[in-house]
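Enquirer: This is a predicted model, with the sequence first.
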Amino acid sequence: MEEPKKEQDEKPEPSKEPEVKPEEKDMVVCKRCQTKQRIANQYCKHCGESFVPLERCGKCGREVPKNAIYCPFCGKKR
Ligand SMILES: [Zn+2]
Ligand SMILES: [Zn+2]
């Protein structure tokens with residue numbers, strides 16, 4: 001019985017990892033003062049702008065935090 005010839009083709013495979021810095025996705029650019037900061041801060045250290053995603057209230061149309069249960073302006077449950 002003949003063993004299949006093993007081809008020694010062990011060139012190092014280039015790792016095809018996307019060039020995304022792990023921290024990049026945790027960063028956010030402040031809408032107000034344009035400084036780049038960690039989104040974990042929740043608030044801009046420079047101007048106090050909130051990084052919490054906002055969503056328009058279906059009733060009053062104002063921007064309210066996405067994680068808010070009630071609209072702080074009109075009290076509509078979200
Ligand atoms: Zn800011
Ligand atoms: Zn509302």
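Expert: Cool, got the structure. Ligands and ions are numbered 1, 2, ... in the order given.

Enquirer: residues in contact with the residue nearest to residue 53 when sequence neighbours are not counted?
Expert: In space, and not counting its chain neighbours, residue 53 is closest to residue 66: 4.3 Å by C-beta to C-beta, 6 or more residues apart in numbering. Any C-beta I mention is one placed from the backbone N, CA and C, and that applies to glycine too. With contact set as C-beta atoms under 8 Å, 6 or more residues apart in numbering, residue 66 has these partners: 52-55.

Enquirer: SS state for the residue nearest the centre of the chain?
Expert: For the chain, residue 25 is the residue whose C-alpha lies nearest the centre (C-alpha atoms, centre = their mean; 4.7 Å). Residue 25 falls in the helix class when you classify it by DSSP: H, G, I helix; E, B strand; the rest coil.

Enquirer: any idea of the pLDDT on it?
Expert: Looking at residue 25, its pLDDT reads 81.

Enquirer: Now do it against residue 41, distance only.
Expert: 15 Å (C-beta to C-beta, to the nearest Å).

Enquirer: what's the helix or strand for the nearest residue to residue 60 once chain neighbours are set aside?
Expert: Of all residues not flanking residue 60 in the chain, residue 74 sits nearest, at 4.0 Å (C-beta to C-beta, 6+ apart). Secondary structure assignment for residue 74, by DSSP states H and E: no helix or strand.

Enquirer: residues contacting residue 74?
Expert: Residues in contact with residue 74, defined by C-beta under 8 Å, 6+ apart, are 57, 59-60, 62.

Enquirer: how about these, which pair is most distant?
Expert: Across the contacts of residue 74, the longest distance by C-beta to C-beta is 9.0 Å; it joins 59 and 62.

Enquirer: what touches both of those two?
Expert: Residues touching both residue 59 and residue 62 (C-beta under 8 Å, 6+ apart): 71, 74.

Enquirer: Tell me how far the residue lying farthest from the centre of the chain lies from residue 37.
Expert: Here the chain reaches farthest from its C-alpha mean at residue 1, the gap being 57.8 Å by C-alpha atoms, centre = their mean. Counting by C-beta to C-beta, the separation of residue 1 from residue 37 is 66 Å.
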